[in-house]
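> Below are the sequence and a predicted model; questions follow.
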Amino acid sequence: MDPRNIFTHLPVPEVSTGVTLRENNLKEIEGGNILESQGILVANRKSLLERPELLEIVHELIERFDGHLKAAQYYSVIANMRGESPEQVADLLLQAPGLQGLQGPTICNVYNRTPEATNAEHHFYAATICVRKKQLYSAVKALQKLGGSGVLVQPMTYIFDEEPERWTKLLISLGLDPAKSNGNGAAH
């Protein structure tokens, strides 16, 4: 098995409704954790420095772990918004607390056909933002207050940003310059 494909299908956490607890006459105990654990990636320093393909696999693992852990904190939210222009809709969202997304909203035309029209026309803009899970309901209500409708909420699997901090720290600990790496630790 190719070790780079191990984490292609990470499970999505289930949402607990308490049905299983009630059906089995069980009660949740506050602070009743049975086990806390963490994963640690261990590698041989010499092998990482001598085998660029191994360093590339470690890079991908770190990116996937970090991308998945970050995505677990967010939902992707898409709402149809009325507005005069994409810029006007973006300004509305950028001014509303919790609706800015990671780096700003993505705004696209939504096309439809009215009964009397023969060609597609646009009357809405689709706004896509990332919202922290804990702020989802307040974000949906804020979108609705701004004229948003048809709000879609999707779980996120990965959020890939710039190079993860863990990767940069690993390169430094190996004596490699992160600024001179091509994404896998090898020099340009």
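Alright, I've got the coordinates.

> most distant residue from the middle of the chain?
residue 116 (40.8 Å; CA atoms, centre = their mean).

> what about that one, which SS state?
Secondary structure, DSSP: H, G, I helix; E, B strand; the rest coil: residue 116 is coil.

> same question, residue 131
strand.

> Any idea what it is bridged to?
residue 75 (DSSP bridges).

> which residues of this protein fall in helices?
Counting by DSSP state H, the chain has helices at residues 19-23, 45-50, 52-71, 86-95, 136-145, 165-173.

> nearest to residue 39, of the ones you listed?
Residue 39 lies closest to helix 52-71 among those, at 7.9 Å (CB to CB). The way it works is simple: take the backbone N, C-alpha and C, and place the C-beta from them, glycine included.

> chain center to that closest one: distance?
15 Å (CA atoms, centre = their mean, to the nearest Å).

> and what of stretch 82-97?
On CA atoms, centre = their mean, the centre of stretch 82-97 falls 22 Å from that of its chain.

> do the same with stretch 44-57
28 Å.

> That stretch: end-to-end distance?
13 Å (CA to CA, to the nearest Å).

> which parts of that stretch are buried?
Neighbour-count burial for stretch 44-57, with 16 or more other CB atoms under 10 Å as criterion, is recorded at 48, 54-57.
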